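Q: here's a sequence, model it:
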Amino acid sequence: MKFKLICIFLLLLSFSVFAQDKDMKLWYKSPAGSVWEAALPVGNGRLAAMVFGNPGKEFIKLNESTVWSGSPNRNDNPNALSALPKIRQLIFEGKNLEASKLAGQNIQAEKINGMCYQPVGDLVLNFPGHQKFSNYYRELDLKNSTTKTNYSVNGINYTRTVFASIPDQTIIIRLTANKPHSLSFTASMFCPQKSLVAIKGTDVLQLSGVSSDKDGVPGKVRFQSLIKIKADDGKISSSGGEINVSEASTVTIYISIASNFINYNDISADEGKRAETYLNKALQKNYSQLLKDHITTYQKYFNRVKLDLGKTDSIKNPTDVRLKDFANGNDPQLAALYFQFGRYLLISSSQPGGEPANLQGIWNDKMNPPWGSKYTININTEMNYWPAEETNLTEMHDPLVQMVKDLSQTGKETARVMYGAGGWVAHHNTDLWRITGPVDGIYSAMWPMGGAWLSRHLWEKYLYSGDKNYLQSVYPALKGAAKFYVDFLVEEPTHEWLVASPSMSPENAPKSRPNISIDAGTTMDNQLIFDLFSNTIRAAETLNTDENLTEQLKNLRQFLPPMQIGQHSQLQEWLLDLDNPEDKHRHVSHLFGLYPANQISPYRTPELFDAARTSLIQRGDVSTGWSMGWKVNLWARLQDGNHAYKLIRNQLTPEGLNKGENSGGGSYPNLFDAHPPFQIDGNFGCTAGIAEMLLQSQDGAIHLLPALPDEWKNGSVSGLKARGGFEIQEILWKGGKLNKVIIKSMLGGNCRLRVPNALIGTVLLKNAEDVNPNFFFKTDETAQPIISEKAKLTAPQIKNTFLYDFDTQAGKTYTFTNL
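A: Residues are numbered from 1 along each chain as shown. Okay, here's the model as predicted:
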């Protein structure tokens, strides 16, 4: 009996050790072969690589964030201004087809539709005799931001480690064998650009290239890659454009890449000197120090948040097997892994001082990638940054903030030339060169709302930090975005509301007029402008500036169209009641007011809340990957955790296996989001959605476990951030009930908690109905005083909650438990 107990104990211990080793790893028992979407991504915000893990012929596909086609350019259409009155008249007369044709002729860009994000090239490592191998294993370790490949050939074990160093701005490859003098391979470069490969000495591959032309814009981004190979022993030689390494025991490869790009209107840097500087800096450190510094810098960000949803035996399976089994299995840890994978991708693709994550983050192997791998700013770019503040990665938000500042400069000319307006404007796409004119055909291009949505990020970042110096730095861009709509809004004839015209509900059209999207006063536009005006007013009041502007915005805001409930009990997408319940379009733009904004609430606007829910049900679940990521957030805001989790199951389904009227989405073997094709926004959207299921703070309170699904009965999360300057250091729940919460107040002031069950704590908790509702979490101007569990709750999934209020001091921590 004693022996049996010992065996059981050892078995449980071995599973625990195995689970701990694998819980933050994507791992596989076979190489990626030629499948890019099976390769593993590494990045440092500027450089990126896809690692295939092929024993015989390894590919390291390389990117640098500023290697784009073209050069500084603009794409404004000067014919727009004179055609604008006629286009508006036609829309108000119901002649949308004629308006669309006229806009296509005069507003659509004449030639330039945005440049492409492009690859640097491939490092190819050929290992003779390694085509036949055994004991294969490869992994991406999210805890350390490293990839590793292990395999055996003829009884010798080989290991490859790859990481993209943030502090040393290089990609490092380490090759080892457990038998001395067993490493022999050749290294070469392939580049699809106009380029030249040369050998410097015997141990440096030098690739020099220039990006391609597009839409008549000459490619002028020059780039250089220097690949240095160092072996502890053996021999290094070169011939025929290749570097040959023979009989080495350990090899370290240093990859440095740089371009001549300084900013969107300056490409005067010396790419060769830059690349050499990066390389020489890295060469001053040995491998152990490079790895240590890389991990230390990375973990400063990654370790801030931990999520435990429980583990099952599924964790013993490779990631691709878990992905196939997830929809019908019990593997809560895969959802936690996917959440952290999203945070990993954001750290890897967006670093302070660099470019924002684009449509594919920072990873791309095509010269003409889908949609140019640009910045699609009618949802996709914004979605990339939904996790930034809530999942405690505020520094990763900085590149987007800087891009908005850039656009606030380039967009002034577009506002003036095309619309005769002040302030600044952007349409539905931009690129490295910060173009702000319309992109692509008029069906999707006629949307002058990009600046409004992007500007929301400026204000949201402030809500989490309370940093007035930061707010002062972004206020001009926020103000400029609002001033454009002060001039652009026009009175519609029926209700005399002020509307944006011409515009559209992004990339959608009523089924009664297919392929004609142009319109006036769409619901999303109204929500965006209301949101922008409200945020600008609050920013100006916080900074005690622009009193006249705030009064002007408050006055104009009164005349914006209200959200309307239509004939199908839905939230109308258009000014007129044109919605069709059979419309399964991927965009759910009219639900912007529910998420990411906070204009729709079960406690303040219950009728609109129900209408939004009806619209989301009618739209359906299965769609493109990014659309399902958005829907996870929407169902979380609707406080329906089980439905949100259903969308996560759809997302964590192998690409191509989601079925339905609007089938699509899912994930590739490396957990990249499938539109299809690959778009990284779905990864970030789902990461944000998981956070929203556990914590919300948009509606005047810190709401804990607002959308907990039945599958996550027990768990914990630490490190999430809430608006108002609060860090939630721990949320622990058992049996679906909140058991413990620890909150750190970074700024002091009032804290309000909305919880699913009663708590006691280290401070006196008061029912919020007994206190003044004016506190840091000031909600939209439409909000009424909080009335907690007595609110009119019409949606069946909304449950009564406990609402508590207490004062905090900056830097102090508050603990509450459930007895």
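
Q: my guess is residue 61 contacts residue 255, does it?
A: No: with contact defined as C-beta atoms under 8 Å, residue 61 does not reach residue 255; the gap is 11.6 Å. Bear in mind the C-beta positions are built from the backbone N, C-alpha and C, glycine included.

Q: joint contacts of these two?
A: By C-beta atoms under 8 Å, 6 or more residues apart in numbering, residue 61 and residue 255 have these common neighbours: residue 49.

Q: now residue 139: phi and psi?
A: Taking degrees, to the nearest 10, you get phi -150, psi 160 for the backbone angles of residue 139.

Q: list the contacts for it?
A: Neighbouring residues of residue 139 by C-beta under 8 Å, 6+ apart: 25, 26, 27, 28, 40, 147, 148.

Q: what does the pLDDT read for it?
A: According to the prediction, residue 139 has pLDDT 98.

Q: and the gap between it and residue 654?
A: Applying C-beta to C-beta, to the nearest Å, the value for residue 139 to residue 654 is 19 Å.

Q: what do you get for residue 223?
A: Taking C-beta to C-beta, one finds residue 223 at 35 Å from residue 654.

Q: what do you get for residue 355?
A: Residue 355 sits 31 Å away from residue 654, going by C-beta to C-beta.

Q: more neighbours: which of these two?
A: Between residue 355 and residue 654, counted using other C-beta atoms under 10 Å, the more crowded position is residue 355 (23 against 16).

Q: dump the residue contacts of the more buried one.
A: If a contact means C-beta under 8 Å, 6+ apart, then residue 355 has 46, 65, 66, 399, 403, 432 as its contacts.

Q: mind putting the residues you listed in JSON lines, secondary structure included?
A: Formatted as JSON lines, the contacts of residue 355 follow (DSSP: H, G, I helix; E, B strand; the rest coil):
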{"residue": "46", "secondary structure": "coil"}
{"residue": "65", "secondary structure": "coil"}
{"residue": "66", "secondary structure": "coil"}
{"residue": "399", "secondary structure": "helix"}
{"residue": "403", "secondary structure": "helix"}
{"residue": "432", "secondary structure": "coil"}
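
Q: ok, the residues you listed vs residue 670, which is closest?
A: residue 65 (20.0 Å; C-beta to C-beta).

Q: next, the buried residues of stretch 463-479.
A: For stretch 463-479, burial by neighbour count (16 or more other C-beta atoms under 10 Å) applies to 463, 464, 465, 466, 470, 471, 474, 475, 477, 478, 479.

Q: which pair of those spans the longest distance?
A: Across the buried residues of stretch 463-479, the longest distance by C-beta to C-beta is 20.6 Å; it joins 464 and 479.

Q: show the contacting residues for residue 92.
A: Neighbouring residues of residue 92 by C-beta under 8 Å, 6+ apart: 492, 493, 501, 520.

Q: can you give me every residue that contacts the first one?
A: Read it as residue 492. Going by C-beta under 8 Å, 6+ apart, residue 492 touches 92, 498, 499, 501, 520, 521, 561, 575.

Q: pLDDT weak spots in the protein?
A: Scanning the chain for pLDDT under 70 picks out 1-20, 658-663, 761-798, 819.

Q: closest to the centroid, which residue in it?
A: Nearest residue to the geometric centre of the chain (C-alpha atoms, centre = their mean): residue 384, 1.7 Å.

Q: turn the buried residues of stretch 463-479 into TSV, including secondary structure and distance to residue 510.
A: Listed next are the buried residues of stretch 463-479 as TSV, based on DSSP: H, G, I helix; E, B strand; the rest coil; distance: C-beta to C-beta, whole Å:
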residue	secondary structure	distance to residue 510
463	helix	35
464	helix	38
465	helix	41
466	coil	43
470	helix	41
471	helix	40
474	helix	37
475	helix	38
477	helix	34
478	helix	33
479	helix	35
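
Q: quick one: residue 197 is in a strand?
A: Yes: assessed with three-state DSSP, residue 197 lies in a strand.

Q: for the nearest residue to residue 366 once chain neighbours are set aside, what are its contacts?
A: Sequence neighbours aside, residue 119 is the residue nearest to residue 366 in space, at 7.1 Å (criterion: C-beta to C-beta, 6 or more residues apart in numbering). Applying C-beta under 8 Å, 6+ apart to residue 119 gives the contacts 61, 62, 63, 67, 191, 192, 193, 364, 365, 366, 367.

Q: show me which of those are buried.
A: By 16+ other C-beta under 10 Å, those give 61, 62, 63, 67, 191, 193, 364, 365, 366 as buried.

Q: circling back to that earlier point, can I get the buried residues of stretch 463-479 in CSV including distance to residue 748?
A: Formatted as CSV, those follow (distance: C-beta to C-beta, whole Å):
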residue, distance to residue 748
463, 16
464, 15
465, 13
466, 10
470, 18
471, 18
474, 23
475, 23
477, 28
478, 25
479, 28
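
Q: checking the residue nearest to residue 66 when sequence neighbours are not counted next. Helix, strand or coil?
A: Computed as C-beta to C-beta, 6+ apart, the closest residue to residue 66 that is not its neighbour in sequence is residue 261, at 3.8 Å. Here residue 261 takes the coil state, with states given by three-state DSSP.

Q: near residue 261, how many other residues are there?
A: The burial count for residue 261: 26, using other C-beta under 10 Å.

Q: now residue 234
A: Each residue near residue 234 was counted by other C-beta under 10 Å, and the total is 17.

Q: contact partners for the closest residue to it other than its chain neighbours?
A: With sequence-adjacent residues excluded and distances taken as C-beta to C-beta, 6+ apart, residue 234 is closest to residue 248, at 3.1 Å. Residues near residue 248 by C-beta under 8 Å, 6+ apart: 175, 181, 183, 184, 231, 232, 233, 234, 235, 236.

Q: contacting residues for residue 648?
A: Contact analysis of residue 648 by C-beta under 8 Å, 6+ apart lists 335, 338, 632, 686, 689, 690.

Q: centre of the chain to the helix or strand hosting it, how far?
A: Using DSSP states H and E, residue 648 sits in helix 641-651. Taking C-alpha atoms, centre = their mean, to the nearest Å, one finds the center of helix 641-651 at 19 Å from the center of the full chain.

Q: tell me the helix or strand right after it.
A: Elements were assigned by DSSP H and E; along the chain past helix 641-651, the next helix or strand is helix 681-694.

Q: am I right that residue 174 is in a helix?
A: No: secondary structure of residue 174, determined by three-state DSSP: strand, with no helix assignment.

Q: with adjacent residues omitted, what lies nearest to it?
A: Counting by C-beta to C-beta, 6+ apart, residue 174 lies nearest to residue 161, which is 4.3 Å off, once chain neighbours are set aside.

Q: neighbours of that neighbour, how many?
A: 20.

Q: you'd agree it is up against residue 150?
A: No: look at residue 161 against residue 150 with C-beta under 8 Å: they stay out of range, at 9.8 Å.

Q: could you report the distance from residue 571 to residue 596?
A: Distance of residue 571 to residue 596, computed by C-beta to C-beta: 16 Å.

Q: which one of the two is surrounded by more residues?
A: Neighbour totals were compared for residue 571 and residue 596, and residue 571 leads with 27 against 24 (other C-beta under 10 Å).

Q: what's across from that one in the sheet?
A: In this entry, residue 571 is beta-bridged to residue 565, by DSSP bridges.

Q: thinking again about what came up before, which of the contacts of residue 248 are buried?
A: Buried members of the contacts of residue 248, scored by 16+ other C-beta under 10 Å, are 175, 183, 184, 231, 234, 236.

Q: make TSV from those and add distance to residue 407 and secondary structure to it.
A: Shown next, in TSV, are these (distance: C-beta to C-beta, whole Å; DSSP: H, G, I helix; E, B strand; the rest coil):
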residue	distance to residue 407	secondary structure
175	44	strand
183	49	strand
184	51	strand
231	47	strand
234	52	coil
236	48	strand
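
Q: tell me which two in those residues are the farthest apart.
A: Pairwise distances among these were taken by C-beta to C-beta; the largest, 12.7 Å, belongs to 175 and 236.

Q: roughly how far does the closest residue to residue 696 other than its chain neighbours sit from residue 26?
A: Of all residues not flanking residue 696 in the chain, residue 703 sits nearest, at 4.3 Å (C-beta to C-beta, 6+ apart). Distance of residue 703 to residue 26, given as C-beta to C-beta: 32 Å.
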